[in-house]
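[1] return atomic coordinates for the entry below.
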Amino acid sequence: TSGLLVVAKTDKAHEGLSVQFKDHTIDRLYAAIVYGHPVPASGTVDTWIGRSDADRKKMAVHRGERGKHAVTHYRILERLRGAAMVECRLETGRTHQVRVHMTHIGHPLIGDPVYSREKKGFKTILETLGFKRQALHAKRLGFIHPATGEKLLFDSPLPHDMQELLSELHV
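    Numbering: from 1, shown residues only. From the prediction side, this is the model:
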């Protein structure tokens, strides 16, 4: 995954950021290129995510209250040839949340080596472009600075490899 992340330089900063993560007040927005066109075009995935029973290295959606509560709001930004550019806003922040949630609704991330299989017709495109990762980018990160109280908002443009993939998939 490309894009933004936040790192605390002091214990005080770490504590302040931890509270914001716990309270789900960190603003996190991701861009993803997924297989197919989600229906509906926008929605909310509200599940429980925990370790997979079949593969302990993977996360999975669980029924009931097993794992941790996870909420992702998504919307299609652009329909592509056999795919879609989707924006995902995280209400919670769980391990592999976007990857697991998009797979759960039947639209895994292109190039995801863990949660998806290459769909017919995409293998050649990915090989030609040298695209060897999941098509996921942390494009916006916002939080309150733990020391100054200032609201900070950072944006990161889509990286070149994802721009190339988008260009290749334009209808």
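
[2] list the contacts of the top helix by length along the chain.
    When the chain is parsed with DSSP state H, its longest helix is helix 11-22. Residues outside helix 11-22 that contact it (C-beta atoms under 8 Å, 6 or more residues apart in numbering): 6, 8, 26, 93, 143-144, 146-147. Every C-beta, even on glycine, is put in place using the N, C-alpha and C of the backbone.

[3] ok, the residue positioned nearest the centre of the chain to His73 distance?
    Centroid check for the chain by C-alpha atoms, centre = their mean gives Val98 as the closest residue, at 3.6 Å. Distance of Val98 to His73, computed by C-beta to C-beta, to the nearest Å: 11 Å.

[4] if we can go back for a sec, show the buried residues in the contacts of helix 11-22.
    Neighbour counting with 16 or more other C-beta atoms under 10 Å marks 6, 26, 143-144, 146 as buried within the contacts of helix 11-22.

[5] take the residues you listed and keep only those in strands.
    Of the buried ones among the contacts of helix 11-22, the ones assigned to strands by DSSP state E are 143-144.

[6] which of the buried ones among the contacts of helix 11-22 sits closest to Val86?
    Ile26 (20.0 Å; C-beta to C-beta).
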